[in-house]
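Participant: missing the sequence, but the structure's below:
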Ligand SMILES: Nc1ncnc2c1ncn2[C@@H]1O[C@H](COP(=O)(O)OP(=O)(O)OP(=O)(O)O)[C@@H](O)[C@H]1O
């Protein structure tokens with residue numbers, strides 16, 4: 001039976017073809033098997049560099065370009081173009097097999113030949129070349145063929161390399177780009193998904209190579225599968241995974257595992273694929289969880305796109321972690337009365353006053369959350385012995401005794417009022433789960449892991465037995481936006497030796513990514529497992545405009561200019577929901593909504609938006625976590641607004657917490673700035689935020 005492969009680049013083009021052409025393409029390829037048997041429709045090119053390219057008639061005007069094997073009957077659809085363009089496209093190119101990865105690649109040989117002489121001339125005059133520090137043996141080991149090696153040797157800067165992305169063989173370009181981004185040959189090797197000691201592949205067997213390239217070619221067995229691929233042409237992540245993403249999503253781990261990586265590197269994509277994979281294996285229920293309802297709704301939507309059968313879908317449950325703890329709690333105790341933030345502050349305030357304590361209520365609340373709840377402290381002796389690693393202010397025994405008295409009174413007050421906080425519900429739910437011998441889930445998958453509190457981690461740990469593939473954790477500590485710092489080891493989650501790091505950003509442009517990363521440079525950020533995380537090697541392969549930074553004298557001018565910017569995006573054809581506006585405070589987000597309304601632009605708060613709302617999304621930076629838009633404006637990034645004074649513990653109260661607060665605020669701005677796919681606009685009035693120093697001009 002003939003096998004048809006669909007190349008990733010074609011699927012992207014397919015989404016942009018006119019509907020009538022899309023329908024015709026679908027019809028032609030639904031009958032592809034008959035067509036190839038009849039041997040009628042595939043036409044050989046006369047002046048081809050690669051004799052294996054064929055064209056196929058779509059209609060009078062359009063032609064498909066198909067790669068046909070020398071033997072066997074597996075075909076790959078590469079392009080659909082107007083007649084002459086299709087022939088010209090195929091005539092310039094060659095298909096090959098990468099010796100290191102075994103993957104199939106296409107190169108635009110004509111472009112390589114046309115560019116080489118000028119690059120060589122420039123290289124002769126240049127003092128240094130881009131890959132002077134890497135020997136031929138390493139480049140060959142990384143899969144470079146003779147032509148690409150010669151090409152790499154005349155490159156003098158990374159801009160030339162970036163410009164060659166469209167014509168060099170894909171994996172070979174990836175290897176060069178990884179080296180140019182500062183990765184070692186070994187790191188590049190690992191990223192390409194090549195096992196250590198892997199023998200070179202047979203570069204003559206194209207059919208095997210196509211089958212070995214799932215990140216680029218999806219093989220369809222019949223018309224139904226074909227329709228399914230064509231149904232969501234822009235959701236490429238459903239079908240084509242980077243080798244590292246694929247490996248992590250499908251691996252069998254002897255225990256818990258995790259994936260890390262910068263913004264937009266596909267951690268959520270991997271988490272979804274993993275959930276799907278584990279559900280397919282069918283060992284038991286899979287929980288997919290995270291820390292907010294907005295995020296769990298977007299995970300749910302992603303899974304709906306991915307899960308192809310009801311059986312698989314039924315095994316996966318998506319819910320955010322507080323929802324899970326509340327459910328377990330309420331099954332036993334019924335509804336819980338939740339203590340509101342304001343009430344909590346009042347209780348602490350009264351205790352401070354009554355005991356005449358030299359601490360603020362914020363300090364006490366943090367001490368309760370970050371020490372007592374985080375470490376399951378239940379009595380004075382345990383509190384005296386507890387680690388206060390994340391807390392800067394040193395306390396003497398007498399002060400600790402005072403603090404314990406305050407915390408004890410607070411907990412007694414909660415009991416007296418019969419009220420709960422999300423954390424105490426979580427603690428109780430964990431206790432209930434610990435009593436059960438049957439755990440509710442066989443696998444737990446956590447997204448945005450950096451923002452879970454230790455009590456939430458304990459709940460999740462208690463929801464699944466320790467076993468192979470029990471927990472899978474996706475997160476990025478550079479995007480931590482709450483004060484929750486956790487050591488996975490201390491919670492009983494061991495991921496050492498079972499971690500993967502993603503480095504290619506699929507969301508944002510290289511310009512936006514580089515600018516945003518500048519904001520974090522030099523910040524020491526933990527990796528939740530006893531070491532420091534790094535941003536080394538993060539890169540994007542797409543280019544666009546640099547971020548636009550604008551300062552104003554007063555807020556009124558800033559917001560008016562924002563409305564003008566949004567109008568400009570809309571006029572350029574960006575749809576309202578593809579625009580996101582982030583502000584540090586709810587109040588500023590509300591002002592933005594008012595200004596948009598006055599300008600006649602539909603706006604919707606992210607807290608209330610439904611998928612179907614045709615409006616610009618406006619919300620706090622916190623709400624932007626995990627989301628993405630074509631264009632993003634981050635407003636109010638002034639010296640007094642970011643960070644806001646009330647979010648930063650005074651240095652004289654607690655030095656370490658002060659530093660952590662600043663880091664968290666910096667990361668929050670980083671999160672907001674890494675949401676756009678195409679354009680970023682950042683504005684302020686008065687002096688810019690200190691976080692922009694060195695960037696804002
Ligand atoms: N293999 C892939 N092919 C195409 N697109 C991809 C791939 N992997 C991820 N993407 C796209 O990249 C974008 C970012 O992916 P995702 O949200 O999973 O990243 P993330 O690492 O979780 O991001 P963040 O940490 O910033 O929330 C999404 O639009 C996703 O569809």
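Facilitator: Nice, thanks for sending it over. This one's a predicted model, so the numbers in the text were calculated from it and none came from an experiment. Residues are numbered from 1 along each chain as shown.

Participant: How about the residues of this protein by the ligand?
Facilitator: Residues of the chain that fall close to the ligand, judged by C-beta under 6 Å from any ligand atom: 236-237, 240-242, 245, 261, 263-269, 476, 479, 506-507, 626, 628, 674. (Glycine included, C-beta is placed from N, CA and C.)

Participant: Quick check: which element contains residue 259?
Facilitator: For residue 259, the element it lies in under DSSP states H and E is strand 257-261.

Participant: ok, then the element right after that strand?
Facilitator: Sequence order places helix 267-281 as the next helix or strand after strand 257-261, per DSSP H and E.

Participant: Need the residues that contact that next one.
Facilitator: 237, 241, 245-246, 248-250, 259-261, 286, 288, 298-299, 302-303, 306-307, 312-313, 315-316, 442-443, 445-447, 469, 472, 474-476, 502, 626 (C-beta atoms under 8 Å, 6 or more residues apart in numbering).

Participant: Kindly report the same for stretch 426-437.
Facilitator: Outside stretch 426-437, the residues that touch it by C-beta under 8 Å, 6+ apart are 321-322, 324-326, 328-329, 332-333, 373, 376, 420, 439-440, 453, 455-456, 458-459, 462-463.

Participant: I'd like the average pLDDT over the strand holding residue 259.
Facilitator: Average pLDDT, strand 257-261: 95.

Participant: So what are the sheet partners of it and their directions?
Facilitator: Strand pairing for strand 257-261, determined by DSSP bridges: strand 471-475 (parallel), strand 499-502 (parallel).

Participant: Select, out of these, the one closest to residue 143.
Facilitator: Checking the strands paired with strand 257-261 against residue 143 by C-beta to C-beta gives strand 499-502 as the closest, at 20.1 Å.

Participant: by contact count, what packs against the helix or strand following the closest one?
Facilitator: Using DSSP H and E, the helix or strand that follows strand 499-502 towards the C-terminus is strand 504-505. Packing contacts for strand 504-505, counted by 3 or more C-beta pairs under 8 Å, 6 or more residues apart in numbering; DSSP states H and E, involve strand 539-540.

Participant: rerun at 10 Å
Facilitator: helix 170-180, helix 510-518, strand 539-540 (3 or more C-beta pairs under 10 Å, 6 or more residues apart in numbering; DSSP states H and E).

Participant: Most tightly packed of those?
Facilitator: Mean neighbours per residue, mean count of other C-beta atoms under 10 Å, is largest over the helices and strands packed on strand 504-505 for helix 170-180, with a mean of 24.

Participant: Which elements pack onto it?
Facilitator: Applying 3+ C-beta pairs under 10 Å, 6+ apart, we find helix 170-180 packed against strand 93-97, strand 104-108, helix 136-141, helix 146-153, helix 158-163, helix 185-191, strand 504-505, strand 539-540.

Participant: Swap in 8 Å and give it another go.
Facilitator: With contacts taken as 3+ C-beta pairs under 8 Å, 6+ apart, helix 170-180 sits against strand 104-108, helix 146-153, helix 158-163, helix 185-191.

Participant: Export the ones you listed as CSV, with columns for mean pLDDT and mean neighbour count.
Facilitator: As requested, those are exported to CSV (pLDDT from 0 to 100; neighbours: other C-beta atoms under 10 Å):
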stretch, mean pLDDT, mean neighbour count
strand 104-108, 95, 23
helix 146-153, 96, 18
helix 158-163, 92, 16
helix 185-191, 86, 19
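
Participant: Show me the one of these that comes nearest residue 26.
Facilitator: Across the helices and strands packed on helix 170-180, residue 26 has its closest neighbour in strand 104-108 (23.1 Å, C-beta to C-beta).

Participant: tell me how far stretch 136-150 is from the chain's mean position?
Facilitator: Averaging C-alpha positions (C-alpha atoms, centre = their mean, to the nearest Å) puts stretch 136-150 31 Å from its chain's average.

Participant: which residues sit against that stretch?
Facilitator: 96, 98-101, 107, 109, 112, 116, 131, 152, 168-169, 171-172, 175-176, 179, 185, 188-189, 192.

Participant: what's downstream of the helix or strand of the chain with the lowest mean pLDDT, the next helix or strand?
Facilitator: Scoring the helices and strands of the chain by mean pLDDT, DSSP states H and E places helix 32-38 at the bottom, with a mean of 62. Next helix or strand after helix 32-38 toward the C-terminus (DSSP H and E): strand 42-44.

Participant: neighbouring strands for that next one, and are they parallel or not?
Facilitator: strand 53-57 (antiparallel).

Participant: Touching the next helix or strand after the strand it pairs with from outside, list them.
Facilitator: Next helix or strand after strand 53-57 toward the C-terminus (DSSP H and E): strand 62-67. Under the contact criterion C-beta under 8 Å, 6+ apart, strand 62-67 has outside partners 21, 24-25, 28-29, 42, 52-58, 75-83, 86-87, 89-90, 95, 206, 210.

Participant: what about burial for those residues, which qualify?
Facilitator: Using 16 or more other C-beta atoms under 10 Å as the burial test, the contacts of strand 62-67 include 21, 24-25, 28-29, 42, 52-58, 75-81, 86-87, 89-90, 95, 206, 210 as buried.

Participant: and the angle for the strand holding residue 259 with helix 267-281?
Facilitator: Strand 257-261 runs at 150 degrees relative to helix 267-281, counting by axes from the mean of the first three to the mean of the last three C-alpha atoms, to 10 degrees.

Participant: which other residues reach strand 257-261?
Facilitator: The contact list for strand 257-261, computed with C-beta under 8 Å, 6+ apart, reads 248, 251, 267, 270-271, 449, 469, 471-477, 488, 495, 498-503, 527, 533, 538.

Participant: Where does the residue lying closest to residue 683 once chain neighbours are set aside sit: helix, strand or coil?
Facilitator: Of all residues not flanking residue 683 in the chain, residue 550 sits nearest, at 4.6 Å (C-beta to C-beta, 6 or more residues apart in numbering). Assigned by DSSP: H, G, I helix; E, B strand; the rest coil, the conformation of residue 550 is strand.

Participant: got a list of what residue 550 touches?
Facilitator: 558, 561, 681, 682, 683, 684.
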